[in-house]
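S.K.: Fold the following and give me the result.
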Amino acid sequence: MKASDENTPKIEVWLRNNLKTGDIVALNAKFSSVTTWTNYQNVLNKSGILLKNPVDDLIDKIWSERPKKPNSTIYIHNSNFTGLKWQEKIEKVQQKLEDSSADCFVVTALDEVAWIFNLRAEDVPNNPMFFAYAIIFSKTSLKSHRLYIESGRINKELENYLNGVQIRAYSQIFNDIQKESLENLKIWISPQSSYAIFNSVENKNLMVNKPSPIRSLKARKNEIELKNLRDCNIRDSVARIRHMFWLENEVKKGIVTEITSAEKLEQIQKEDPNFKMKSFYSISAVGKNAAVVHYSTNQGDNSTLTLDKIYLLDAGGNYLDCTSDITRTHFYGDPPSDIRDAYTKVLQGSINLASIVFPTGVYGRELDVLARSALWKDGLDYGHGTGHGIGYFLSVHENPPRTSYSSRSSDDEFFEPGMIQSDEPGYYEDGYYGIRLETAIETVKADTPFNFRNKVYLKFNALNFVPFEKNLINECLLTNEQVDWLNKYNEDTRNHTLPRLDKFPEIKEYLLMKTEPFKYSHTYSHCSSNQLNRSSVDFNSKNLLLIYVLSLILSLIFFLILS
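M.R.: I've put the predicted structure just below:
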């Protein structure tokens, strides 16, 4: 069973249905968020089932060969990449504390600790983070900020860099929170924090329990970050185009597998001096494997790429100046018409979202229908969100922003300039094939002829420039507006990437071929019958309108004669 499946019962519901009154459920409070713990407790308590935090971790008692906690080198993420010094970031958090009348904020999310201090490491695979907590104090509290981390991890250079920040033992955080609470400090704890952190607060009447102030600050990239990540995503796009060219030539030999394809892309990405690691385990999937949304390439069957099966590659990199996430779907032979039509509808959804102009105050859930409408018209859909926020040399999944019509969270935030997210509709036929097209997009201000009631309007700009698969596009299905967008995207792809391919003349020719402009559907002879049908509808509509107008005129004349 998978937790995401509709028919899979929620854990707390399964426990309630399979336990009896008086039974006890043990849950390590350090590994459970406040939200999860509270939800479990509410459901179980109704049936008289107790939820308790064990004194000792039960897994520790049986995991005799547990690996040591990661101890990677922590290094400074320089301000020429970050745009702000850590002291400036803390000032922004302190303003949030003042706005909420809080005395301190407990930082528990690893990406937030890394972000606030401009520090990076490699404790977590594919994520440049390290295990630590922090407490940021308000200006009025007159207390020093604190970083809680294992002994020996902060060297002299980092100690000087963090001048004014107290370095404390990692496990000391719980006692310190309790102590600050007893001093009647108003402590801000995020609902995503562990229940153990939450439970350390003695005086919960003085606690602020709402989403982290850092998540909002981190989501709105500053001008230096935006400048850097635009260039970085173009470099990553060039790596992807080089990989596409390599695949086109190697697939015919019948020797490329899911794993070797993903490895080849990483090899090309590593040529970039700013590349540090992948941003997640690549999803390299052939045929039916592509129908598994979060397919694990390393644990799969390592299928060979062929000319008669679809190939999906979802991959990204963590660079000093961006986190990338690109998905393209390919077919190296002659694709069946059903796959071609499905691909085109997914592409239409991606274009619809990428080309929308909307006023401020709009949430991602309100735009999600744009990416699904072409599929919905045929009774098709996909079971994941359309867009997730993307970090800056941090986590590839970040929130906010989030684009999913099923999201009704009070934590959701509307789009603002500087937010980066993915645009990734898809379609999946179990046991047959899967399609996903993912492009990172930046929220920017839109220039509009008018601004109703002085509203600011927004739009999305593409950050990745990797061609879509021409032989999978049914040009007969595209509207004129979608053709215009696609041709502009292909033109931008050429402008951004061709100058960076001077060392690879064959790849430049390949890219020119992949980005040839499309024509409107009515200019293709094989689309003429469909277009004629549409034209007849337009013609009939015009005739009806003309008849209606003439009838009004005749009625007016008749009225004037009678009067």
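S.K.: Where does the prediction get shaky in the protein?
M.R.: For the chain, the stretches with pLDDT under 70 are 1, 3-4, 528-563.
S.K.: Just give me the residue right at the centre of it.
M.R.: residue 388 (2.7 Å; C-alpha atoms, centre = their mean).
S.K.: Spatially nearest residue to it, not counting backbone neighbours?
M.R.: Distances taken as C-beta to C-beta, 6 or more residues apart in numbering place residue 397 nearest to residue 388, at 5.0 Å, with adjacent residues excluded. Where C-beta positions appear, they are placed from N, C-alpha and C, glycine not excepted.
S.K.: Report the contact partners of that neighbour.
M.R.: Counting by C-beta atoms under 8 Å, 6 or more residues apart in numbering, residue 397 touches 388, 389, 390, 391.
S.K.: what pairs with the first one across the strands?
M.R.: For residue 388, the beta-bridge partners are residue 402 (DSSP bridges).
S.K.: contacting residues for it?
M.R.: By C-beta under 8 Å, 6+ apart, the residues touching residue 388 are 397, 398, 399, 401, 402, 403, 421, 422.
S.K.: which one of those residues is nearest residue 254?
M.R.: Set against residue 254, the nearest of the contacts of residue 388 by C-beta to C-beta is residue 422 (32.6 Å).
S.K.: List phi and psi for residue 112.
M.R.: Main-chain torsions, residue 112, degrees, to the nearest 10: phi -70, psi -40.
S.K.: For burial, what's the neighbour tally of it?
M.R.: 25 (other C-beta atoms under 10 Å).
S.K.: One more: the one 3 residues further on?
M.R.: Burial of residue 115, expressed as a neighbour count using other C-beta under 10 Å, amounts to 27.
S.K.: hang on, it is in a helix, isn't it?
M.R.: Yes - counting by DSSP: H, G, I helix; E, B strand; the rest coil, residue 115 is part of a helix.
S.K.: Could you find the closest non-adjacent residue to it?
M.R.: Closest residue to residue 115 apart from its sequence neighbours, by C-beta to C-beta, 6+ apart: residue 218 at 5.1 Å.
S.K.: Dihedrals phi and psi, residue 400?
M.R.: Backbone dihedrals for residue 400, given as degrees, to the nearest 10, come out at phi -80, psi 170.
S.K.: show me what contacts it?
M.R.: 215, 216, 219, 364, 389, 411, 412, 413, 419.
S.K.: I'd like the distance between the residue nearest to the centre of the chain and residue 479.
M.R.: To residue 479, residue 388 is 27 Å away according to C-beta to C-beta, to the nearest Å.
S.K.: ok so, going back, sort out for me which of the contacts of residue 400 are in strands.
M.R.: Among the contacts of residue 400, the members falling in strands (DSSP state E) are residue 389.
S.K.: Specify which member of the contacts of residue 400 is nearest to residue 370.
M.R.: Nearest to residue 370, judged by C-beta to C-beta, of the contacts of residue 400 is residue 364 at 10.7 Å.
S.K.: returning to what we had before: adding distance to residue 6, write the contacts of residue 388 out as TSV.
M.R.: Shown next, in TSV, are those (distance: C-beta to C-beta, whole Å):
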residue	distance to residue 6
397	22
398	26
399	22
401	25
402	20
403	20
421	25
422	23
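S.K.: didn't residue 146 look like it was pressed against residue 116?
M.R.: No - using C-beta atoms under 8 Å, residue 146 is not in contact with residue 116; the gap is 11.8 Å.
S.K.: which neighbours do those two share?
M.R.: residue 134.
S.K.: and the closest residue to residue 70 other than its chain neighbours, how many residues sit next to it?
M.R.: Once flanking residues are discounted, residue 70 sits nearest to residue 123: 3.9 Å by C-beta to C-beta, 6+ apart. Neighbour count of residue 123, defined by other C-beta under 10 Å: 18.
S.K.: Next: the one 5 residues further on.
M.R.: As a burial measure, residue 128 scores 27 neighbours (other C-beta under 10 Å).
S.K.: and what of the one 3 residues further on?
M.R.: By other C-beta under 10 Å, 18 other residues sit near residue 131.
S.K.: now the residue nearest to it when sequence neighbours are not counted: how far from residue 77?
M.R.: Ranked by C-beta to C-beta, 6+ apart and with sequence neighbours excluded, the top spatial neighbour of residue 131 is residue 123, at 5.4 Å. Between residue 123 and residue 77 the distance is 15 Å, computed by C-beta to C-beta.
S.K.: again with residue 86
M.R.: Using C-beta to C-beta, residue 86 is found at 9 Å from residue 77.
S.K.: shared neighbours of the two, anything?
M.R.: Counting by C-beta under 8 Å, 6+ apart, the common neighbours of residue 86 and residue 77 are residue 118.
S.K.: which residues of the stretch 101-250 of the chain fall in strands?
M.R.: Counting by DSSP state E, counting those that start in this stretch, one finds strands in the stretch 101-250 of the chain at the ranges 104-107, 119-120, 133-137, 146-149, 166-169, 187-188.
S.K.: Spit out the contact partners of residue 159.
M.R.: Residues in contact with residue 159 (C-beta under 8 Å, 6+ apart) are residue 167.
S.K.: where's the residue nearest to the centre of the chain relative to residue 207, distance?
M.R.: Counting by C-beta to C-beta - residue 388 and residue 207 are separated by 29 Å.
S.K.: Kindly report the same for residue 517.
M.R.: Using C-beta to C-beta, one obtains 59 Å as the distance from residue 517 to residue 207.
S.K.: Out of the two, name the residue with the larger neighbour count.
M.R.: residue 207 (17 against 11).
S.K.: The more buried one and residue 201 touch, don't they?
M.R.: Yes - the pair residue 207 / residue 201 is scored as a contact, 5.1 Å apart, by C-beta under 8 Å.
S.K.: shared neighbours of those two, anything?
M.R.: With C-beta under 8 Å, 6+ apart as the test, residue 207 and residue 201 both reach 181, 187, 189.
S.K.: Residue 97 and residue 240: what is the separation?
M.R.: Distance of residue 97 to residue 240, computed by C-beta to C-beta: 42 Å.
S.K.: oh, I was asking about residue 431
M.R.: Taken as C-beta to C-beta, the span from residue 431 to residue 240 is 28 Å.
S.K.: of the two, who's got more company?
M.R.: residue 240 (25 against 9).
S.K.: what sits against the more buried one?
M.R.: Residue 240 touches 265, 315, 326, 328, 464, 466, counting by C-beta under 8 Å, 6+ apart.
S.K.: what does residue 345 give?
M.R.: With contacts defined as C-beta under 8 Å, 6+ apart, residue 345 is in contact with 374, 375, 378, 380, 427, 477.
S.K.: In strands only, show me those.
M.R.: In this view, these that belong to strands under DSSP E are residue 427.
S.K.: Put the buried members of the contacts of residue 345 into a ChimeraX selection.
M.R.: Buried residues among the contacts of residue 345 (16 or more other C-beta atoms under 10 Å), as a ChimeraX selection:
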select :374,375,380,427,477
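S.K.: Let me have the contacts of residue 345 in a markdown table, extended by distance to residue 308.
M.R.: Formatted as a markdown table, the contacts of residue 345 follow (distance: C-beta to C-beta, whole Å):
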| residue | distance to residue 308 |
| --- | --- |
| 374 | 26 |
| 375 | 24 |
| 378 | 24 |
| 380 | 23 |
| 427 | 19 |
| 477 | 23 |
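S.K.: Would you mind measuring from the residue nearest to residue 494 when sequence neighbours are not counted to residue 493?
M.R.: Excluding its sequence neighbours, the residue lying closest to residue 494 (C-beta to C-beta, 6+ apart) is residue 515, at 5.5 Å. For residue 515, the distance to residue 493 equals 5 Å [C-beta to C-beta].
S.K.: what do those two both touch?
M.R.: Shared contacts of residue 515 and residue 493, defined by C-beta under 8 Å, 6+ apart, are found at residue 467.
S.K.: How many residues are close by the nearest residue to residue 228 once chain neighbours are set aside?
M.R.: Excluding the flanking residues, the one nearest residue 228 by C-beta to C-beta, 6+ apart is residue 321, at 3.9 Å. Neighbour count for residue 321, taken as other C-beta under 10 Å: 22.
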